[in-house]
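Visitor: What shape does this take:
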Amino acid sequence: ATVLAQAIVREGMTSVAAGMNPMDLKRGIDIAVTKVVENLKARSTPVTGSAEIAQVGIISANGDVEVGERIAQAMEKVGKEGVITVEEAKGLEFELDVVEGMQFDRGYLSPYFITNPEKMTVELENPYILIHEKKLSSLQAMLPILEAVVQSGRPLLIIAEDIEGEA
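Guide: Sure, this is the predicted structure:
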């Protein structure tokens, strides 16, 4: 994906330098992306069983059968919507750890949120939880929610992709 993106940028810059309208170029890229995605969807075949998952894993692991089978085992445990993270180990053996629940790449936005300095954790009692799948950038859109939470006297935990600007 990175190599493809670099090629698109390089060729796009060349085209713009030669006088092409950047907006026309963007529209053309959007059309091409749509066509490629449609083509890939038409050619794809769903992987259903553990044996097929192992085959894909073996191919992804450059023919390593053991790694492919471990990937299939991990897929069985976490399911279709689960997340698998592969990490380099210090030893020579494979290890499969299943972690229940959710995992976040980042922690709290500010160290001032810490309520337990000994454990360096944030502990909230009976909080409202707001989950937002995108970036929060405007306080205005959240104002009614924030006012209701303040009136209730309960804490608010916000989980979002990112928080920026006035939010």
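Visitor: Val149: neighbouring residues, count only.
Guide: Val149 is flanked by 16 other residues according to other Cβ atoms under 10 Å. Yep, even glycine has a C-beta here, placed from its N, CA and C like the rest.
Visitor: now the closest residue to it other than its chain neighbours: how far from Thr48?
Guide: Residue nearest to Val149 in three dimensions, not counting chain neighbours: Leu156, with 4.6 Å by Cβ to Cβ, 6 or more residues apart in numbering. Using Cβ to Cβ, to the nearest Å, we find Leu156 at a distance of 42 Å from Thr48.
Visitor: the more surrounded of the two?
Guide: Neighbours were counted for Leu156 and for Thr48 using other Cβ under 10 Å; Leu156 has more, 16 against 8.
Visitor: who's in contact with that one?
Guide: The contact partners of Leu156, taken as Cβ atoms under 8 Å, 6 or more residues apart in numbering, are Pro127, Tyr128, Ile129, Leu130, Leu146, Val149.
Visitor: The first one contacts Ile158, correct?
Guide: No - in terms of Cβ atoms under 8 Å, Pro127 does not count as a neighbour of Ile158; the distance is 9.8 Å.
Visitor: which one of those two has more residues nearby?
Guide: Between Pro127 and Ile158, counted using other Cβ under 10 Å, the more crowded position is Ile158 (18 against 14).
Visitor: in the host helix or strand of that one, what counts as buried?
Guide: Per DSSP states H and E, Ile158 falls inside strand 156-163. For strand 156-163, a neighbour-count test (16 or more other Cβ atoms under 10 Å) marks Leu156, Ile158, Ala160 as buried.
Visitor: Bridged to the first one, which residues?
Guide: Pointing back at Leu156 there. Beta-bridge pairing of Leu156 under DSSP bridges involves Tyr128.
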